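**Student:** Turn this into a model:
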Amino acid sequence: MSEKTAKSMSIIVTKGSLDWAYPPFILSTTAAAMGLDVTMFFTFYGLPLLKKKLDLSLTTLGNPAMEMPMAGMHMKMPNLFAALPGATAGATAMMKDMMKKKGVASIEELRDLAIEADVDLIACQMTMDLFEYNESEMIEGISLGGAATYIERATQCDINLFI
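**Tutor:** Sure thing, here's the model as predicted:
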C-alpha cells in the first residue's frame, strides 16, 4: 500500500463460489479505478479464487433469494430443486450464459483487472497450509500473509469489508 495519500479499502474474501466471487472483485476494481489503495485478503473458501484454474459454481442450495429471469418473470429456485442432482451445474451454466449475453466480465477478467490496478492480493498462509495448496497452483502477482498482515493493513484503511 502506498503512502497515505489516497483513501484505502480492505476486503476479507471468505467465499469462493461464482455468486460470492463477484462482489469483492467488482468492489475492489471499482475502488482501485476511483483511486483507492485496495487490499484483498483471501482466506478459507475464498482462497481458491486465486488458483490459476477456476471452476466456479453457483451457491444454489440454501440460497432462497436466488431469482433467475425466465419467461418474462423472475423465478425463485426452491431449496428442494437445488438439492436435486445436476441442479447446481444447470443453474451455473444458465448464470454463466446470462452473464456472457449481458457482457458481464468473468471472474478471471476481474482478477486480471485487479492485478493491473495494483490491488494487493494476499493469500492467507494458514489457509494455504491447512488445505495443502501450493504456490505453484496460484496466479502470479499475489503475496502470502497471515492474520497479522491483514490486521496491520486493515487498521490503516478507511473502509474494511468482510465478504
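**Student:** Buried residues, stretch 115-132. List them.
**Tutor:** Buried residues in stretch 115-132, counting neighbours by 16 or more other CB atoms under 10 Å, are found at 115, 119, 120, 121, 122, 123, 124, 127, 128. C-beta: built from backbone N, CA, C; applies to glycine.
**Student:** Select, from the residues you listed, the two members most distant in space.
**Tutor:** Distance extremes for the buried residues of stretch 115-132: the farthest pair is 115 and 127 at 19.9 Å, using CB to CB.
**Student:** How about the contacts made by the residue most central in space within the chain?
**Tutor:** Central residue of the chain (CA atoms, centre = their mean): residue 21, 2.8 Å from the mean position. The contact partners of residue 21, by CB atoms under 8 Å, 6 or more residues apart in numbering, come to 15, 49, 56, 107.
**Student:** Which strand or helix spans residue 74?
**Tutor:** According to DSSP states H and E, residue 74 maps onto strand 73-76.
**Student:** Show me how this protein divides into domains.
**Tutor:** Per the record, the chain has its domains at 8-56+106-162, 67-102, by automatic domain parsing.
**Student:** For those domains, give me CSV that also has mean pLDDT.
**Tutor:** Listed next are these as CSV, based on pLDDT from 0 to 100:
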stretch, mean pLDDT
domain 8-56+106-162, 97
domain 67-102, 77
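**Student:** CA atoms of the strand or helix carrying residue 97 as CSV?
**Tutor:** Assigned by DSSP H and E, residue 97 falls within helix 87-102. What follows is helix 87-102 as a C-alpha-only set of coordinates in CSV (Å, rounded to 0.1, in the frame of the first residue of the first chain):
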residue,chain,number,x,y,z
ALA,A,87,-29.3,-28.6,-10.4
THR,A,88,-26.2,-26.7,-9.4
ALA,A,89,-24.5,-27.4,-12.7
GLY,A,90,-27.6,-26.4,-14.6
ALA,A,91,-28.1,-23.2,-12.7
THR,A,92,-24.3,-22.4,-13.0
ALA,A,93,-24.4,-22.9,-16.8
MET,A,94,-27.6,-20.7,-17.0
MET,A,95,-26.0,-17.9,-15.0
LYS,A,96,-22.7,-18.0,-16.9
ASP,A,97,-24.6,-17.9,-20.2
MET,A,98,-26.8,-15.0,-19.0
MET,A,99,-23.6,-13.1,-17.8
LYS,A,100,-22.0,-13.7,-21.2
LYS,A,101,-25.0,-12.4,-23.0
LYS,A,102,-25.2,-9.3,-20.8
